[in-house]
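[1] give me a model of this one.
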Amino acid sequence: MPAVSKGDGMRGLAVFISDIRNCKSKEAEIKRINKELANIRSKFKGDKALDGYSKKKYVCKLLFIFLLGHDIDFGHMEAVNLLSSNRYTEKQIGYLFISVLVNSNSELIRLINNAIKNDLASRNPTFMGLALHCIANVGSREMAEAFAGEIPKILVAGDTMDSVKQSAALCLLRLYRTSPDLVPMGDWTSRVVHLLNDQHLGVVTAATSLITTLAQKNPEEFKTSVSLAVSRLSRIVTSASTDLQDYTYYFVPAPWLSVKLLRLLQCYPPPEDPAVRGRLTECLEAILNKAQEPPKSKKVQHSNAKNAVLFEAISLVIHHDSEPNLLVRACNQLGQFLQHRETNLRYLALESMCTLASSEFSHEAVKTHIETVINALKTERDVSVRQRAVDLLYAMCDRSNAQQIVAEMLSYLETADYSIREEIVLKVAILAEKYAVDYTWYVDTILNLIRIAGDYVSEEVWYRVIQIVINRDDVQGYAAKTVFEALQAPACHENLVKVGGYILGEFGNLIAGDPRSSPLTQFHLLHSKFHLCSVPTRALLLSTYIKFVNLFPEVKGTIQDVLRSDSQLRNADVELQQRAVEYLRLSTVASTDILATVLEEMPPFPERESSILAKLKKKKGPSTVTDLEEAKRERSADVNGGPEPALASTSAVSTPSPSADLLGLGAAPPVPAGPPPSSGGLLVDVFSDSPSAVAPLAPGSEDNFARFVCKNNGVLFENQLLQIGLKSEFRQNLGRMFIFYGNKTSTQFLNFTPTLICSDDLQANLSLQTKPVDPTVDGGAQVQQAVNIECVSDFTEAPVLNIQFRYGGTFQNVSVKLPITLNKFFQPTEMASQDFFQRWKQLSNPQQEVQSIFKAKHPMDTEVTKAKIIGFGSALLEDVDPNPANFVGAGIIHTRTAQIGCLLRLEPNLQAQMYRLTLRTSRETVSQRLCELLSEQF
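    Modelled structure (predicted):
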């Protein structure tokens, strides 16, 4: 910026400001301002032409008066005239006045645009910078229409100075944010990506901000930026702070640029090029390593800059969700921050760990910090940090720790801040339902929830407990006994009365044999609460009373007296009056058989998504593909073949017997998949229209398929338009898979047609039945498709999922391999050492054994290897192999036609970075397939 000469000090402006500051009252200030406005107006209208200095001084005074809160209705033309000056300070004041006081509807806008165009064409970097700043400050649609086509040319021109490139990039970013439809994509887009290689780091920083915003809407246009961003990030991370001296902030090299590059990489999936991916992994490891180094400065600015880069790197690791070692390291690093003295760091660590908990690879690592998180819930002073601790407990919960976490959340609920109580209630209700192995615990938990925070228990919560009790006959007697005891408290919350009324009305007969809970005692207990309840609860209790007439004929007279009383028959509320009249008449004229038919037990509720879960999602706010994140978090004991799940998809079990079909596969007849075609493979088509030609497999499909061999939930495929997520569970030879199709754009998908394609061989060995999906997917929305699976016999191939739809008039055709593999039907088997080796010797025929020796593709980490073997489906047998470094597993593959025992042994060689995998089963094809699948995981 040019130096300001002594004559530019504007003494008259300084005197005016001093006079304003010396005014003793508001009236004196207004009087002085009016005097100055009259003077300026006379100068502008006078015959004598003003020189540039005088114009600048008076325009500056007008600007100051405007900033004091007074209206300015003249001087605009003089400010526009300053734009044509060749003196920097005069032009600067002119642009400043226009940026603040001129609106887009001004008659002067054409003159202003002409002046800006002249400055942009002048090639004077100072004048170009002022013009670009003015465009960005105004940022109106009119400015975008006038200059959106010019600024990209300035940005990528070879002779543009670095300072102007910076301003042009940020100016274009401002216009794109206000009017994205007016910024044309063209040849400049490929050239602007190469600014990431610019020698000037200021240009790189500005260009990264622009490219990140553009890539979020147009990822394909800017996908070449990934390799350049990784290259630039590598140079920053590996350089000493002295190498980037001008851009080093408290010993941290270019922290803002590093953060922006990491954020840009989060717009894309992991790089497909192994070299680029490896380099990025090295960068992330280097950032995590630096976080462990002692600080180079004790000043807070150093730790803030260092942690900003670290948290953004962790966000990228979580986004990619593909490197187990990095995910576990990130989790351990965040765990250290959980006890940091800085509140903001504790908050950010809890927030990041919530996301880490949804990853298959880091969920177990997150669980190790449960005691620290519980302590934070009890001791944190800041309510926002406590709320993040609640979120993290919810995210890390699974069957192994559900009872502990629910107990801690209930304990905290008694003293929780009122603003978050409803959300905690919903989360406790969801966790208690999802991970209930013993349903007596579930009933106790919900009743305790109502006792502690009854005002925050929504109707969805107590509706849900009723549904589950009705659908499970093994808990009905316990529920009736428990609510009867709970209602004996002198003060009961109304929601408890509702639950008690409903359950005793349905199942009070199950506890009527106990003299302490005789029919008359039950009735008097409920009726003692009647007068304290609201109208809807009284209506429910009246329904309970008529149910008692059917269940307990001995109390019929007592109940008829209540129904006959004036307080019921002449009640001011029409609903209560009508119920009393109708119930009284029904109990009087109906025969015992008719009464039993009309008032029989409620039938089991149909299987559906938990309304509590839907309410929590709604409370958390809209999200593009919320169920995909939920799908990542829901797991069957986190591995294939874990403990039998108690509830499937948090839905009420449709069969009331203890041996209910938890997967829902037998709950309803399957939807016909359509007749198979006369030739070729089986087409399980969800629509009657004939599909177009099937596309080849999408890039990266094989890699994604391999990732799902040892896990059941996650994102299977993602591009700029579509995201496909999976949530699945398997038990013996049956399975159910939910496929989530997320529309990432703001435009509808039309004629959306997903089709499952199987070869003839696969069709004979694997039975698939699908349910149809809506052919229209709104922008930002997602649809769900259920697939019922049965393994008839062992198989080697996998079905292909083909998706065809129209987007913006263009036909889209995507194919991916669906990860339904033989090991999904694995059930783990625990064996002692002696039993294992006895069975191992029995399977000694050459055709029963398959062995593979291969090079390790990933770091040889013991914990990761254990997790993958368990995720593969077999039981991991400890202390069986004489060599403690070896891994031994056992399980049974279940098919409709046979059960096939499987033993495996994995021998790592750390020095040679090699593995030897041996599989023995009673069927050669099974041994071969399992060996192929498992060897790809290491």
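[2] right, and the helix or strand after the lowest-mean-pLDDT helix or strand in the chain?
    Ranked by mean pLDDT, DSSP states H and E, the weakest helix or strand in the chain is strand 682-685, scoring a mean of 33. Downstream of strand 682-685, the next assigned helix or strand under DSSP states H and E is helix 701-707.
[3] and the helix or strand following that next one, what other elements does it pack with?
    Once the chain leaves helix 701-707, the next helix or strand it forms, by DSSP H and E, is strand 714-718. Applying 3 or more CB pairs under 8 Å, 6 or more residues apart in numbering; DSSP states H and E, we find strand 714-718 packed against helix 626-633, helix 701-707, strand 722-731, strand 810-817. All C-beta spots, glycine's among them, are computed from the backbone N, C-alpha and C.
[4] try it again at 10 Å.
    Judged by 3 or more CB pairs under 10 Å, 6 or more residues apart in numbering; DSSP states H and E, the packing partners of strand 714-718 are helix 626-633, helix 701-707, strand 722-731, strand 734-743, strand 800-807, strand 810-817.
[5] mind putting these into CSV with mean neighbour count, distance to Leu170 and mean pLDDT?
    Below are these laid out as CSV (neighbours: other CB atoms under 10 Å; distance: least, CB to CB, whole Å; pLDDT from 0 to 100):
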stretch, mean neighbour count, distance to Leu170, mean pLDDT
helix 626-633, 20, 33, 43
helix 701-707, 17, 37, 80
strand 722-731, 22, 31, 87
strand 734-743, 22, 32, 88
strand 800-807, 21, 32, 88
strand 810-817, 16, 33, 86
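[6] same list, the ones you listed, but as CSV with distance to Pro271 please.
    Putting the helices and strands packed on strand 714-718 into CSV (distance: least, CB to CB, whole Å) gives the following:
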stretch, distance to Pro271
helix 626-633, 22
helix 701-707, 12
strand 722-731, 18
strand 734-743, 22
strand 800-807, 24
strand 810-817, 19
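[7] mind checking which of those is nearest Gly508?
    Smallest distance to Gly508 across these (CB to CB): 35.2 Å, for strand 722-731.
[8] give the rounded mean pLDDT of stretch 537-553.
    For stretch 537-553, the mean per-residue pLDDT is 91.
[9] what residues of it count as buried?
    Along stretch 537-553, these residues count as buried under the neighbour rule (16 or more other CB atoms under 10 Å): 537-542, 544-552.
[10] and these, which is closest to Arg386?
    Once CB to CB is applied, the member of these that ends up nearest Arg386 is Thr537, at 32.9 Å.
[11] does the closest one lie in a helix or a strand, and which?
    helix 535-551.
[12] now the element after that helix, going C-ward?
    Proceeding N to C from helix 535-551, the next assigned helix or strand is helix 556-564, under DSSP H and E.
[13] which element follows that next one toward the C-terminus?
    helix 566-569.
[14] for that next one, give the mean pLDDT please.
    Across helix 566-569, pLDDT averages out at 84.
[15] now for it, which elements pack on it?
    helix 535-551, helix 574-589.
[16] low-confidence stretches in the stretch 451-600 of the chain?
    Within the stretch 451-600 of the chain, no stretch falls below the threshold (pLDDT under 70).
[17] where does the prediction get shaky in the chain?
    By pLDDT under 70, the weakly predicted segments of the chain are 1-9, 47, 104-106, 240-243, 245, 607-694.
[18] can you give me the strands in the stretch 801-938 of the chain?
    For the stretch 801-938 of the chain, strands defined by DSSP state E, counting those that start in this stretch occupy the ranges 810-817, 826-828, 849-855, 875-876, 887-894, 899-909, 914-921.
[19] relative to strand 800-807, how tilted is the first one?
    Translated: strand 810-817. For strand 810-817 against strand 800-807, the angle by axes from the mean of the first three to the mean of the last three CA atoms, to 10 degrees is 160 degrees.
[20] got the strands of the stretch 801-938 of the chain as CSV, with distance to Phe836 columns?
    Formatted as CSV, these follow (distance: least, CB to CB, whole Å):
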stretch, distance to Phe836
strand 810-817, 34
strand 826-828, 13
strand 849-855, 15
strand 875-876, 10
strand 887-894, 6
strand 899-909, 7
strand 914-921, 11
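[21] minimum distance to Gly500: which of those strands has it?
    Nearest to Gly500 among those is strand 826-828 (41.0 Å), distances taken as CB to CB.
[22] tell me the strands beside the closest one, with direction?
    When pairing is defined by DSSP bridges, strand 826-828 lines up against strand 887-894 (antiparallel).
[23] tally up the residues packed near the closest residue to Thr865 other than its chain neighbours, please.
    Spatial nearest neighbour of Thr865, excluding adjacent residues (CB to CB, 6 or more residues apart in numbering): Phe887 at 6.2 Å. Neighbourhood size, Phe887 [other CB atoms under 10 Å]: 24.
[24] ok, now Phe64?
    Other residues near Phe64 number 16, with proximity taken as other CB under 10 Å.
[25] likewise for Phe825?
    Neighbour count of Phe825, defined by other CB under 10 Å: 29.
[26] ok, and the closest non-adjacent residue to it?
    Spatial nearest neighbour of Phe825, chain neighbours left out: Cys791 (4.6 Å); criterion: CB to CB, 6+ apart.
[27] now that neighbour: how far from Leu919?
    Cys791 sits 18 Å away from Leu919, going by CB to CB, to the nearest Å.
[28] swap in Pro846?
    For Pro846, the distance to Leu919 - CB to CB - is 13 Å.
[29] give me the more crowded residue out of those two.
    When neighbours are counted by other CB under 10 Å, Leu919 comes out ahead of the other of Pro846 and Leu919, with 27 against 7.
[30] and the residue nearest to Phe825, what does it touch?
    730, 732-735, 765-767, 820, 822, 824-825, 893-897 (CB atoms under 10 Å, 6 or more residues apart in numbering).
[31] equivalent analysis for Glu600, please.
    Glu506, Lys547, Asn550.
[32] the first one: neighbouring residues, count only.
    Close neighbours of Glu506, defined as other CB under 10 Å, add up to 21.
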